[in-house]
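J.: Generate a structure from the sequence data that follows.
(one chain, ligands or ions: 1)
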Amino acid sequence: MAETLYDLAIIGAGPAGLTAAIYGGRAALRTAVIEKGSPGGQAATTYMVENYPGFPGGITGPELMDKMERQAREYGAEFFTLEASSISEEAGRFHIAAGGRNIVASSVVIATGAREKRLGVPGELDFRGRGVSYCATCDGAFFREKKVIVVGGGDSAVEEAVFLTKFAAEVLIVHRRDQLRAAKAVQKKALSNPKIKFAWNSVVEEIRGDQNVTSVVLRNVENDERANVHTDGVFIYVGLVPNSECVRGFVATDDQGYITTNEELQTSRPGVFAAGDVRKKLLRQISTAVGDGALAAIKAERYLLGV
Ligand code: NAP
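T.: Numbering: from 1, shown residues only. Presented below is the predicted three-dimensional model:
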C-alpha cells in the first residue's frame, strides 16, 4: 500500500502544535499531528489559565486545550496517538518513525514541548506516585486536609501551590532564594493566602517515608542547618527539560537541548520548524506557544511553495 505523503507533519499537540495544525489545515495542507498522549500538552495539566487573552476570569487548562484540539480537527488535521522516536530526511521528504509507523511529510513542525525537571534528591523516584508528584491538577485531590510541600519559586510552583490550597490544610513553598521568580500577580495571591507558608533560602535534600512520603529533610542554604519536616506530599516544580530527544542530531540544539531557530522558526534543517516550549526562547507561555505555532505553519506553507 502506498504511503500517505503529508504536506505537514506536526510532532506534539500542545498549544504550539495544535495552533500549527489549525493554520496548516486552513492553508489546505494535508496535516498530520503526532502526539504520544492526549492532546493538550502541559497546558492541559494546568488547573486554571488566567493570562491567555480572551478569557477574563480564566479558563481551565483542559477546557482551553480541548477547544484548540476541536478547532484543529475542524480544519482537517489527522491525529496519530504515537510516540515519535526519530526523524530522518530522504530525497527532500521527512520520515518520522513513530510506534512502528513511518509517517512521511514534506515539511515538519517540532512542537514537542518540555517536561518537568527532576529534583535529583534521594527518595524522589522511590516515592513517585506515593506522595511525590509533578502535577497538582492530577494529584491534588489526594491531599485533602493534608500538609504538602511545593518545591520551586517560578510560575508553576506558585500557581500550583495556590491551587493546592483548595484541598490541603497547609502548603509550604520551599524556595532556594528569598525572592520568588513567579509573576507578581501570582506572587500576590500566594503571599496573601493564609494556608501558604514559605521556607525561604531552603532546599529539599531528601524525601523520606515508609509506604508513602512522611517527611523531607530541608537544608537552609544560608546557615546549613537541617530540619526534618513532616509532610504528606511533595510537589516538584523546579523548571523544565525540553522534549527534544527524538530530534537530537537531526536539528541543532543548545547545550540544554532546546532547539535553536531563527526568528522565523526555521531550524538548522530547511523544511523543519520548531515551535513552543521545545524551542530556545525567552518566554514560555501558552500565548507565545500559540504565536510560534501560527508562524511555523505559515513558514512551512511558504517552504512548500518555494517562496
Ligand atoms: P522556572 O520558571 O524555570 O522556575 C523554576 C524554579 O525552580 C525557580 O524558582 C528556580 O529557582 C527553582 N529551581 C530550579 N532548580 C532547582 C533546584 N535544583 N532546587 C531547588 N529549586 C530549583 O520553571 P517553571 O515555573 O516550571 O516555569 C517554566 C516556564 O513556564 C517559565 O517560562 C514560566 O514563566 C512558564 N509558565 C508560565 C505560567 C503562566 O504564565 N501562567 C505558568 C506556568 C509556567 P531560582 O528562582 O532561584 O532560579
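J.: Pull the distance from stretch 103-120 to the chain's centre.
T.: Relative to its chain's centre, stretch 103-120 lies at 10 Å (CA atoms, centre = their mean, to the nearest Å).
J.: Count the residues that sit near the residue in the chain that the ligand sits nearest to.
T.: Nearest residue of the chain to the ligand, counting by CB to the nearest ligand atom: Gly154, 2.4 Å away. Backbone N, C-alpha and C define where each C-beta goes, glycine included. The number of residues packed near Gly154 is 17, by other CB atoms under 10 Å.
J.: pretty sure it contacts Ala182?
T.: Yes. If you go by CB atoms under 8 Å, Gly154 and Ala182 touch, sitting 5.7 Å apart.
J.: So which residues of this protein form helices?
T.: 15-26, 61-74, 136-139, 155-164, 184-191, 286-305 (DSSP state H).
J.: quick one on the thing from earlier: next one: the residue of the chain closest to the ligand from Ala294, what distance?
T.: Distance, Gly154 to Ala294, by CB to CB, to the nearest Å: 26 Å.
J.: Also Val171?
T.: Taking CB to CB, one finds Val171 at 37 Å from Ala294.
J.: and if you look at Thr260?
T.: If you go by CB to CB, the gap between Thr260 and Ala294 works out to 20 Å.
J.: go on, Gly249?
T.: From Gly249 to Ala294 the distance is 28 Å (CB to CB).
J.: Specify the beta-bridge partners of the nearest residue to Gly24 once chain neighbours are set aside.
T.: Counting by CB to CB, 6 or more residues apart in numbering, Thr31 is the residue found nearest to Gly24 once chain neighbours are left out, at 3.9 Å. Note on Thr31: beta-bridge partners by DSSP bridges are Leu8.
J.: now Gly209
T.: Under the criterion used (DSSP bridges), Gly209 bridges to Val213.
J.: tell me the contacts of it?
T.: Contact analysis of Gly209 by CB atoms under 8 Å, 6 or more residues apart in numbering lists 123, 127, 130-131, 215.
J.: swap in Ala300?
T.: 7-8, 20, 24, 29, 107-109, 271, 273.
J.: Among the residues you listed, which one has the most neighbours?
T.: Result: Ala20 is most packed of the contacts of Ala300 (other CB under 10 Å), 38 neighbours.
J.: Verify the contact between that residue and Ile298 for me.
T.: No. Contact criterion CB under 8 Å: Ala20 and Ile298 do not qualify, at 9.1 Å.
J.: what's near enough to touch Val241?
T.: Going by CB under 8 Å, 6+ apart, Val241 touches 114-117, 256-257.
J.: Give me the nearest residue to Gly41, chain neighbours excluded.
T.: Excluding the flanking residues, the one nearest Gly41 by CB to CB, 6+ apart is Gly14, at 2.4 Å.
J.: Need the per-residue pLDDT for that neighbour.
T.: Looking at Gly14, its pLDDT stands at 98.
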